[in-house]
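Visitor: Pasting a predicted model and its sequence here:
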Amino acid sequence: MVAMDSVVPFDFATPVDAFNWVDRYRVRVCGPKRTADAGCFEVKVPHGLEILSEVDTIMLPGHDPDMVVPKPVVEALRKAAARGTRIASICTGAFVFAATGLLDGLRVTTHWLGAEKLAARYPALEVDPDVLYVDNGQFLTSAGAAAGLDLCLHMIRRDHGSAVAADAARFAVMPLEREGGQAQFIVTPPATPQGAELEPLLKWMESNAARELTLEDLARQAGMSTRTLNRRFRDQTGTTPLQWLHRARIRQAQHLLETTRDPVELIASRVGFGSATAFRDRFKRIAGTSPQSYRAAFQSP
């Protein structure tokens, strides 16, 4: 475990506990200093970076994504990678990992809130914000918070098999494996730029999302041609009118899946889809999972 100032406590504690639940691992904490500021408390760091030359796996928990990664950390990680050491990051630990250049050209993930920043800062990465973790063999990355535990269980299963991983999952009181490649269950709310020219249209679209709306309907409501609407929509929202409408409908569907027991077919109709099949396909494409799986994970008791 590498711990530096600004380490995220949850991301740090998750792999420490997960691997300690399995008696086949020895967990050590190291860093460039003997303590690491975790915000409301300090983490004791008993080992220096030299221990990275001896370990089989290096875990990089989340840190402040704007932190300048110390050069000794970057160099130690590069040397470890050259020896074949497995390296995995949790949450914004991907920013520490990316600073080494080891992830260039690879598909990676991080917490959905930091995905856009990671992609902008390290354009050589293929950032996928829609999965829980990505296993590239020697290098692994996970999304934020609870996804770090999914990654740890995946690594334990890879190392010692499903039976050992299942025991660790029982300690964690969680399923051994959530759906592979499952989305982080985040659908960004459709942006409504305050004071923007399209703000009245966007609010109208949200209120009327259940209707059968065509591009011509939207252009008529906005009082402009379809070509002008498309151009201005892209300028102000970064997407097309119909794509924006689909996301608004999926947001409404998520709310209904969480708060009602209505059949999926009825929800599809209520949010503006002509068929349940089209709804399921669009939901999977945008939310990364099926409506049924989403409901099972998030419906209130």
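Guide: Yep, that arrived.
Visitor: okay, CA-based contacts and neighbour counts for the rest of this
Guide: OK.
Visitor: got the domain boundaries for this protein?
Guide: Using the TED database, the domain parsing of the chain gives 9-172, 198-298.
Visitor: Can you tell me which of those domains is most buried?
Guide: For these, average neighbour numbers computed from mean count of other Cα atoms under 10 Å are highest in domain 9-172, which has a mean of 19.
Visitor: Just the terminal-to-terminal distance for that one.
Guide: By Cα to Cα, to the nearest Å, the extent of domain 9-172 from end to end equals 17 Å.
Visitor: now do stretch 25-35
Guide: Termini of stretch 25-35 sit 23 Å apart (Cα to Cα).
Visitor: so which of the domains of the chain comes closest to V2?
Guide: The closest of the domains of the chain to V2 is domain 9-172. By Cα to Cα, the value is 5.1 Å.
Visitor: Would you map the helices across the protein?
Guide: Listed in chain order, the helices of the chain (DSSP state H) span 9-20, 71-82, 93-98, 115-121, 147-160, 162-172, 199-207, 215-222, 226-237, 241-259, 264-270, 276-287, 291-298.
Visitor: Switch these over to JSON lines; also include distance to D56.
Guide: Formatted as JSON lines, those follow (distance: least, Cα to Cα, whole Å):
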{"stretch": "helix 9-20", "distance to D56": "13"}
{"stretch": "helix 71-82", "distance to D56": "9"}
{"stretch": "helix 93-98", "distance to D56": "16"}
{"stretch": "helix 115-121", "distance to D56": "27"}
{"stretch": "helix 147-160", "distance to D56": "11"}
{"stretch": "helix 162-172", "distance to D56": "18"}
{"stretch": "helix 199-207", "distance to D56": "52"}
{"stretch": "helix 215-222", "distance to D56": "56"}
{"stretch": "helix 226-237", "distance to D56": "46"}
{"stretch": "helix 241-259", "distance to D56": "42"}
{"stretch": "helix 264-270", "distance to D56": "47"}
{"stretch": "helix 276-287", "distance to D56": "36"}
{"stretch": "helix 291-298", "distance to D56": "34"}
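Visitor: Would you tell me which of these gets closest to T141?
Guide: For the helices of the chain, the distance to T141 is smallest for helix 93-98, at 6.5 Å, taking Cα to Cα.
Visitor: Show me what that closest one is packed up against.
Guide: Using 3 or more Cα pairs under 8 Å, 6 or more residues apart in numbering; DSSP states H and E as the contact test, the elements touching helix 93-98 are strand 57-60.
Visitor: what about H111, distance to G148?
Guide: Distance from H111 to G148, by Cα to Cα: 10 Å.
Visitor: thinking again about what came up before, which stretch in the domains of the chain has the least confidence?
Guide: Lowest mean pLDDT within these: domain 198-298, a mean of 90.
Visitor: to the chain's geometric centre, what's the distance from that domain?
Guide: Computed by Cα atoms, centre = their mean, to the nearest Å, the chain-centroid distance of domain 198-298 equals 22 Å.
Visitor: about what we covered before: any chance of the domains of the chain in a markdown table, plus distance to V2?
Guide: Output for these, formatted as a markdown table (distance: least, Cα to Cα, whole Å):
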| stretch | distance to V2 |
| --- | --- |
| domain 9-172 | 5 |
| domain 198-298 | 31 |
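Visitor: mind checking which of those domains is nearest A3?
Guide: Comparing the domains of the chain against A3 with Cα to Cα, the closest turns out to be domain 9-172 (5.2 Å).
Visitor: What is the distance between that closest one and the centre of its chain?
Guide: 14 Å.
Visitor: Output stretch 244-254 as CSV, nothing but the C-alphas.
Guide: C-alpha atoms of stretch 244-254 as CSV (Å, rounded to 0.1, in the frame of the first residue of the first chain):
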residue,chain,number,x,y,z
TRP,A,244,-30.2,14.9,-24.6
LEU,A,245,-33.8,13.8,-24.7
HIS,A,246,-32.9,10.1,-24.3
ARG,A,247,-30.7,10.8,-21.3
ALA,A,248,-33.6,12.9,-19.7
ARG,A,249,-35.9,9.9,-20.2
ILE,A,250,-33.5,7.5,-18.7
ARG,A,251,-33.1,9.8,-15.6
GLN,A,252,-36.8,9.7,-15.2
ALA,A,253,-36.9,6.0,-15.6
GLN,A,254,-34.2,5.6,-13.0
